[in-house]
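Visitor: Build me a model from this:
(one chain, ligands or ions: 1)
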Amino acid sequence: MLAMETSPITSKKVLTLVFVFGDFDGERRVLLGMKKRGFGAGYWNGFGGKVEKGETILEGAVRELEEEAGIRVSHLERAGMLWFHFEGDPTGLEVHVYRGETFEGVVSETEEMRPEWFSLDKIPFHIMWPDDQIWWPVFVGNKKFCGRFRFAKDQKEILAHDVGIFESLPCEMEFGSGEWVGGVLVER
Ligand SMILES: Nc1nc2c([nH]c(=O)n2[C@H]2C[C@H](O)[C@@H](COP(=O)(O)OP(=O)(O)OP(=O)(O)O)O2)c(=O)[nH]1
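Guide: Residues are numbered from 1 along each chain as shown. Sure thing, here's the model as predicted:
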């Protein structure tokens, strides 16, 4: 059981996160962007942001990818869901993770992101959100996953987490306590 309720969550923000994969002469790579400003600045990450009123989560994912990397996808596969809670912050984050394979347009630097292709054995985890290395192996293993992370106020230290593998999404889970049904459970 993961205690997530040390400080209460009274609202949530719904966010998207898209990773586009590509083959480069047989080498598998993923497109990451260096976040240039705002929340998570200085980290390599996938592309995404807040879902706007009037759009579906998938539409938000497609829009943010285009705004931040200049490319358009016609298909994204739902890959996982992540919940984040920062101590003392009553707003939890619900992040919908997608993967894409084919796109149109030219990958371009934008005001928000500087994109770069990374070989899958050279993912710069030391310059990414600290939780990423925990769920990444499940994600690149093409398993559907859900993860919950409780961070300290400094937004760096992970106080507790669990990651589960699921048959389908969304996971029947919200923030808060409760056991995952199936999946791996890791607690610090
Ligand atoms: N890999 C990873 N991504 C995360 C984590 N936490 C987190 O919010 N994200 C993602 C979700 C979103 O794609 C992005 C945050 O969105 P954002 O605040 O930049 O949203 P936005 O572009 O709409 O923001 P704005 O500056 O336009 O207001 O970071 C995390 O721990 N790991």
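Visitor: So what sits opposite Val20 in the bridge?
Guide: Here Val20 sits in beta bridges with Leu31, Gly100, going by DSSP bridges.
Visitor: list the contacts for it?
Guide: Going by CB atoms under 8 Å, 6 or more residues apart in numbering, Val20 touches Val30, Leu31, Phe47, Leu65, Ala69, Ile71, Val73, Arg99, Gly100, Glu101, Phe103. In short, each C-beta sits where N, CA and C put it, glycine included.
Visitor: for the residues you listed, which one is nearest the ligand?
Guide: Relative to the ligand, the closest of the contacts of Val20 is Phe47; by CB to the nearest ligand atom it sits at 6.8 Å.
Visitor: what about that closest one, how many neighbours?
Guide: Using other CB atoms under 10 Å, Phe47 has 28 other residues around it.
Visitor: Is it bridged to anything, and to what?
Guide: Phe47 has these beta-bridge partners by DSSP bridges: Val18.
Visitor: next one: Gly164
Guide: Counting by DSSP bridges, Gly164 is bridged to Cys146.
Visitor: burial count for the closest residue to Gly42 other than its chain neighbours?
Guide: Closest residue in space to Gly42, ignoring its immediate chain neighbours: Lys35 at 6.8 Å, by CB to CB, 6 or more residues apart in numbering. Per other CB under 10 Å, the neighbour tally for Lys35 reads 19.
Visitor: Could you pull up the contacting residues of Lys35?
Guide: Ala41, Gly42, Tyr43, Trp44, Asn45, Glu112, Met113.
Visitor: With Asp89 instead?
Guide: Neighbouring residues of Asp89 by CB under 8 Å, 6+ apart: Ser7, Lys153.
Visitor: A helix includes it, no?
Guide: No. Secondary structure of Asp89 (DSSP: H, G, I helix; E, B strand; the rest coil): coil, not part of a helix.
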